[in-house]
Structures are given as C-alpha cells and as structure tokens.
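K.L.:
The following comprises the amino acid sequence and a computationally predicted model.
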Amino acid sequence: MAGQQDPSSPGLTGVLRGERLSRSFFARDVLTVAPELLGATVSHAGVTVRLTEVEAYAGQADPGSHAFRGPTPRTAVMFGPAGHLYVYFTYGMHWCANIVCGTTGAASAVLLRAGEVVGGEDVAAVRREGIRRRDWARGPARLATTLGLDGALTGADACAAGSVVAFHAPATEVDHAAVHTGPRVGVAGAGGDALAHPWRFWLADEPSVSVYRPAKPRPRRTSP
DNA sequence: CAGTTGATTCGCT
DNA sequence: GCGAATCAACTGG
C-alpha cells in the first residue's frame, strides 16, 4: 500500500508552482496524483487547459478500468511507465485522454474529465467553432478535442524534453477546501468494496465543472 | 432549463 | 454481436 497523504497538506508535494510535471510526479499512487492534477495545466497543439475535474482508474484492481482484464493491444500503454498518454476512442466518435500513473505494470491512469482553456484561446476558438466557451473543455471528449488530442497521441511521453504535450503544476495555489471528491457512479461491475473509494476529484465553483450526470441505463428501445 | 434520444466505431466475447 | 470512462440536438414546460 502506498503511504497515506496528510489530508491537511494542501496542493502539490514537492512541486514548484508552474513547474513542468516530471515522470516521478506521475509515478506515484494514482489516488495521490489525481487530486494534485487539479489546477494543473495540459498543453498541446497551441492550446492550454487548466484541469478542473479528473478521475482515477486503478488498473487491474478497478473493474471500471480498461486495464481490468489485463493488457490488450489497446491498453498496452497503460501497463507501461508513467507519464505517457493513453487516448482511447469511444461511442464511435469521441476521444478521451488519460495520463498513465504509478509504477510500470500498475496500469493505473487519470482521465482528464474537464477543464478551462487558459491559453491559446484563438486556436481553441477555431477548433471549437460554434461551441460556447464554457463548454470547450467541459467533459472528457470535449477537453480532448479542444486540445487536439486523438489516438495518434496514445503513447506520447508527456515528460520527455521537447514533447508535443506537457503538464505543468498550478500557477497559483489551489485551495484545498475547493477540492471535492466522490465515488464513481454508474460503473459496470460496481459492487466491490474497492469501488467505494473516491475516484473522482473536481474543483468546486468552477464553471467548467457541471454536476456530473451518472450513467443511466439506456432505456431499451421498446418493441411495438 | 431540464430531461431524453440518436449518433457511430472499436474492442472484446 | 453488444456495450462503451460521451456529446449535441431536440423536445416540452
């Protein structure tokens, strides 16, 4: 078990403001990394997003994780070293981006669920034309689209020098009281005690974070 | 404003 | 074949 973190300890552990996040930052327990990513920024293709909502996935211990059933060609990158992107395609049209965390083989990752654009707004405005600014990175697929992240970025090393994608620590201190956490809802395979963990983290009072609608069972189309 | 539904491809069984 | 870590459009009040 990884060491517990003092809940009264605000913000990042041993990371300076605005500093680029290193591989060792991501190579810790995913539940430690996830809340520390709130307020941090992700930059790619001319746009920078400040993260306001993330969700942790704990590899093979987590029935909700793509890594639950072991490595597959798609999830192989999750089983690799921390600091690499795992970008998957879902619902036939959307890309969602994760950053791999923990030790090699742990297959844990943090899904980037929502954020606000804090840089490259002109680029984002073109890329997300017709979409309200508040919604540019509201939701994992919209966040990925606004950042220009897609399957081609899977495996990209966000910690390498000169990488096209980079994470940076919060420029300003994050109020610990603003960090909210809650259990995941609507996850297939729910029921295990491990799922009682608070996997989701978000910043309160952020316009880019809406009340997350739990996945509803799709009403089966009624046959006549 | 809130609730509901269709869209559309991939990965795994 | 089926379900999915979703979004955007459309409906009615």
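P.N.:
Received it, and whenever you're ready, just let me know what you need. Here the structure is a predicted model, which is why all the values come from computation and not from measurement.
K.L.:
can you give me the helices for chain A?
P.N.:
Remark: helices assigned in chain A by DSSP state H are A:23-26, A:30-36, A:121-127, A:140-147.
K.L.:
Now the shortest one: buried residues?
P.N.:
Right, helix A:23-26. Across helix A:23-26, burial judged by 16 or more other Cβ atoms under 10 Å covers A:F25, A:F26. The way it works is simple: take the backbone N, C-alpha and C, and place the C-beta from them, glycine included.
K.L.:
repeat for stretch A:173-185
P.N.:
For stretch A:173-185, burial by neighbour count (16+ other Cβ under 10 Å) applies to A:V174, A:V179, A:H180, A:R184.
K.L.:
A:S43: neighbour count?
P.N.:
By the criterion of other Cβ atoms under 10 Å, A:S43 has 20 neighbours.
K.L.:
Would you check that it makes contact with A:H168?
P.N.:
Yes. With contact defined as Cβ atoms under 8 Å, A:S43 counts as touching A:H168 (7.3 Å).
K.L.:
strands paired with the helix or strand of chain A with the lowest mean pLDDT, and their directions?
P.N.:
None of the helices or strands of chain A scores lower by mean pLDDT, DSSP states H and E than strand A:179-183, at a mean of 85. Strand A:179-183 pairs in its sheet with strand A:198-203 (antiparallel), by DSSP bridges.
K.L.:
The strand it pairs with: how far from the chain's middle?
P.N.:
Offset of strand A:198-203 from its chain centre (Cα atoms, centre = their mean, to the nearest Å): 10 Å.
K.L.:
ok, now which ones touch A:G59?
P.N.:
Counting by Cβ atoms under 8 Å, 6 or more residues apart in numbering, A:G59 makes contact with A:V30, A:S65, A:A67, A:F68, A:M78, A:G102, A:A106, A:A107, A:S108, A:A109.
K.L.:
Mind doing that once more with 6 Å?
P.N.:
By Cβ atoms under 6 Å, 6 or more residues apart in numbering, the contact set of A:G59 is A:S65, A:A67, A:A106, A:A107, A:S108.
K.L.:
so what's it closest to, chain neighbours aside?
P.N.:
Spatial nearest neighbour of A:G59, excluding adjacent residues (Cβ to Cβ, 6 or more residues apart in numbering): A:A107 at 3.4 Å.
K.L.:
how about the nearest residue to A:W202 once chain neighbours are set aside, what does it touch?
P.N.:
Distances taken as Cβ to Cβ, 6+ apart put A:E53 closest to A:W202, at 3.9 Å, once the chain neighbours are dropped. A:E53 makes contacts with A:R113, A:A114, A:W202, A:V209, as judged by Cβ under 6 Å, 6+ apart.
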